[in-house]
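S.K.: Here is my input, please return the structure:
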Amino acid sequence: MLRLLFVSLEFTAGTFSGNGIYAASQVQALARIGCQMLILAGKPAGSETTSTSLAFQLIEVELPTWGTLDRSCSWEAFAQACGHPDIADRVLAFKPDAALGIDWSSLPAFERLAAALAVHDAQLPYIYMNYRVYARTVSGADQQWMRSMELKAMETSALTIVLSNSDESYLQQVMFDPEHDHHDHHQQQRALQIEVLLPALRADMASISLPPDMGPINCPESQTIYQRFKPEIKRRYLTCCVRLSPEKEPDRFVDLVYRLHSSSALQRLKVTPLLIGSSKSSYAEGIKARLRSSGAPCEIVEQFLGPAELAEIFSRTRLNIHPCLYDAFGMSIVEAASQGAPSLTNEGGSIGATDLLLGSKGEVIIANLDMPMQELAQMVEVLLSDQAVLLRVGRAAAAKARSWTQSHNASKLHELLQNTCAFGR
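M.R.: Residues are numbered from 1 along each chain as shown. Below you'll find the predicted structure:
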């Protein structure tokens with residue numbers, strides 16, 4: 001099995017987004033199948049050292065800015081720390097076969113580390129793990145800057161791995177943009193080594209029992225964890241579980257609640273809007289304030305939820321709204337599905353999770369979420385009133401979400417990495 005260096009600005013300390021959760025999930029899964037792992041990660045200034053199992057080694061560096069992964073994050077401080085001779089010595093002693101870098105912010109860190117390793121005539125292939133194409137969601141000068149960083153990461157990498165077919169198509173098209181004709185043919189060929197690897201439901205959520213309204217579903221892994229003795233659970237939540245930042249468009253959910261409340265649909269259908277959002281940014285606080293002022297009997301969960309708390313909410317969710325028009329994946333859709341909560345997402349393949357949960361097979365509900373709000377509210381009202389349809393979609397979603405496991409994901413990733421290292425691309 002491979003020895004892997006894993007470079008991620010966000011990991012288990014001060015986790016604030018799905019990136020940190022997925023990074024930790026992938027490391028744990030790779031360690032379970034026998035890979036030796038060394039992690040280089042950031043952590044908030046002043047935070048304690050993270051305790052870790054014997055499954056992997058962890059080097060953490062304190063960063064002055066925390067809570068963001070865009071251009072304003074501490075990517076320069078992270079890079080500088082990763083180039084320190086002490087860290088280079090730790091990496092040399094570990095003798096990794098490859099470096100897996102999470103998103104664009106891993107590239108400067110890898111470059112600094114690679115320069116330090118070069119002093120010892122050591123070389124290390126870089127695998128670009130693109131959890132999100134940031135150039136798709138930022139605008140103005142930041143978009144061009146981010147685009148150049150992501151293109152450089154692709155050119156540097158021996159392999160680029162993305163979370164969805166949509167992101168793969170986008171990155172392929174970007175490389176043929178006339179604006180980048182100055183890139184030579186060799187660089188373009190290398191950048192075109194792109195693979196899609198769908199994220200899997202994390203093991204700590206897959207191990208949680210299915211709610212009793214699901215019954216035994218058509219998934220072997222689920223038969224052993226369905227508990228018939230649990231009391232019936234009433235699904236009363238209209239849930240939204242996304243990071244409260246502009247690119248996730250939680251304002252669409254708030255607008256929807258306003259419409260449903262004004263038509264008395266929430267009261268008539270006995271549905272309670274529930275927003276999950278731990279962010280304390282000014283934007284997030286504005287979203288929460290707007291929802292509170294709607295007059296609807298809503299609930300807002302502001303703490304960061306662990307697997308059990310999240311599963312409890314999704315087990316009581318009638319419909320999960322994933323409000324953005326684009327998302328690299330949208331893991332909360334799969335987490336909701338694991339508890340039989342069906343999701344409404346945007347159409348056209350722009351939400352990565354719909355590569356796993358298929359609308360054509362009734363595993364997710366897809367629609368044009370950019371339709372006029374009055375029409376969207378009417379559609380959601382019809383869905384909320386048809387619990388038979390929601391139960392059918394929820395059961396299909398639970399079966400699919402639990403069929404693609406962390407072990408499957410890790411084994412496929414290891415296969416891709418072995419092939420890349422063997423061919424020395």
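S.K.: if I look at residue 397, how far off is residue 277?
M.R.: 23 Å (C-beta to C-beta, to the nearest Å). Glycine gets a C-beta too; all of them are placed from N, C-alpha and C.
S.K.: now swap in residue 11 and tell me
M.R.: Taken as C-beta to C-beta, the span from residue 11 to residue 277 is 21 Å.
S.K.: Repeat that for residue 78.
M.R.: With C-beta to C-beta as the criterion, residue 78 and residue 277 are 26 Å apart.
S.K.: before we move on, back to that, among residue 397 and residue 277, which residue is more densely surrounded?
M.R.: residue 397 (32 against 24; other C-beta atoms under 10 Å).
S.K.: So what does that one look like in phi/psi?
M.R.: Here is the backbone geometry of residue 397 (degrees, to the nearest 10): phi -60, psi -40.
S.K.: Just the pLDDT for it.
M.R.: In this model, residue 397 is scored at 97, pLDDT.
S.K.: what's the closest non-adjacent residue to residue 363?
M.R.: Closest residue to residue 363 apart from its sequence neighbours, by C-beta to C-beta, 6 or more residues apart in numbering: residue 357 at 4.1 Å.
S.K.: Surely that neighbour is in contact with residue 336?
M.R.: No: judged on C-beta atoms under 8 Å, residue 357 makes no contact with residue 336 at a distance of 9.8 Å.
S.K.: mind giving me the domain ranges of the protein?
M.R.: Using automatic domain parsing, the domain parsing of the chain gives 3-199+406-423, 203-403.
S.K.: Find the residues that touch each one of residue 357 and residue 336.
M.R.: 343, 397 (C-beta atoms under 8 Å, 6 or more residues apart in numbering).
S.K.: Neighbour count: the two, which is higher?
M.R.: Taking neighbours as other C-beta under 10 Å, residue 357 and residue 336 compare with residue 336 leading, 32 against 27.
S.K.: what's the following helix or strand after the helix or strand where the more buried one lies?
M.R.: Element membership of residue 336 [criterion: DSSP states H and E] is helix 331-338. With elements assigned by DSSP H and E, the helix or strand that comes after helix 331-338 is strand 343-346.
S.K.: and that next one, which strands flank it?
M.R.: Paired with strand 343-346 in the same sheet, following DSSP bridges, are strand 317-321 (parallel), strand 365-367 (parallel).
S.K.: List of residues touching that strand?
M.R.: With C-beta under 8 Å, 6+ apart as the criterion, strand 343-346 contacts 319-322, 324-326, 330, 333, 336-337, 351, 353-354, 357, 364-370, 380, 383, 397.
S.K.: related to what we said a few turns ago, which ones are touching the residue nearest to residue 363?
M.R.: Per C-beta under 8 Å, 6+ apart, neighbours of residue 357: 333-334, 337, 343, 363-364, 397, 400-401.
S.K.: So which of those wins on neighbours?
M.R.: Neighbour-wise, the contacts of residue 357 (other C-beta under 10 Å) top out at residue 397, 32 neighbours.
S.K.: Would you mind giving the secondary structure of residue 422?
M.R.: helix (DSSP: H, G, I helix; E, B strand; the rest coil).
S.K.: Can you give me the neighbour number for it?
M.R.: Applying other C-beta under 10 Å, I find that residue 422 has 8 neighbouring residues.
S.K.: May I see the contacts of residue 357 organised as CSV, with distance to residue 3 added?
M.R.: Formatted as CSV, the contacts of residue 357 follow (distance: C-beta to C-beta, whole Å):
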residue, distance to residue 3
333, 34
334, 30
337, 34
343, 38
363, 37
364, 38
397, 37
400, 33
401, 31
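S.K.: Among these, which pair sits farthest apart?
M.R.: Farthest pair in the contacts of residue 357 (C-beta to C-beta) is 343 and 400. Separation: 11.9 Å.
S.K.: quick one: common contacting residues for the two?
M.R.: In terms of C-beta under 8 Å, 6+ apart, residue 343 and residue 400 are both contacted by the residues 337, 357.
S.K.: so how far is stretch 129-138 off the chain centroid?
M.R.: 11 Å (C-alpha atoms, centre = their mean, to the nearest Å).
S.K.: who touches it?
M.R.: 18-19, 22-23, 69-71, 100-104, 106, 143, 146-147, 150, 153, 160-163, 167, 170-171, 174, 247, 326, 328-329.
S.K.: repeat that for 6 Å
M.R.: For stretch 129-138, the external contacting residues (C-beta atoms under 6 Å, 6 or more residues apart in numbering) are 19, 100, 102-103, 143, 146-147, 150, 160-162, 167, 170, 247, 328.
S.K.: Below-threshold pLDDT in this structure: ranges please.
M.R.: Counting by pLDDT under 70, the low-confidence segments of the chain come to 52-54, 175-192, 217-233, 424-425.
S.K.: so residue 243, which of the three states?
M.R.: coil.
S.K.: From residue 273, how far off is the nearest residue to it once chain neighbours are set aside?
M.R.: Distances taken as C-beta to C-beta, 6+ apart place residue 17 nearest to residue 243, at 5.6 Å, with adjacent residues excluded. Relative to residue 273, residue 17 is positioned 23 Å away (C-beta to C-beta).
S.K.: Of these two, give the one with the bigger neighbour count.
M.R.: residue 273 (24 against 18).
S.K.: what sits opposite the more buried one in the beta ladder?
M.R.: residue 238.
S.K.: Wait, it touches residue 258, no?
M.R.: No: using C-beta atoms under 6 Å as the test, residue 273 is too far from residue 258 to be in contact (9.9 Å).
S.K.: Show me the strands in the stretch 151-300 of the chain, by range?
M.R.: For the stretch 151-300 of the chain, the strands defined by DSSP state E, counting those that start in this stretch cover 159-162, 194-196, 237-241, 272-276, 299-301.
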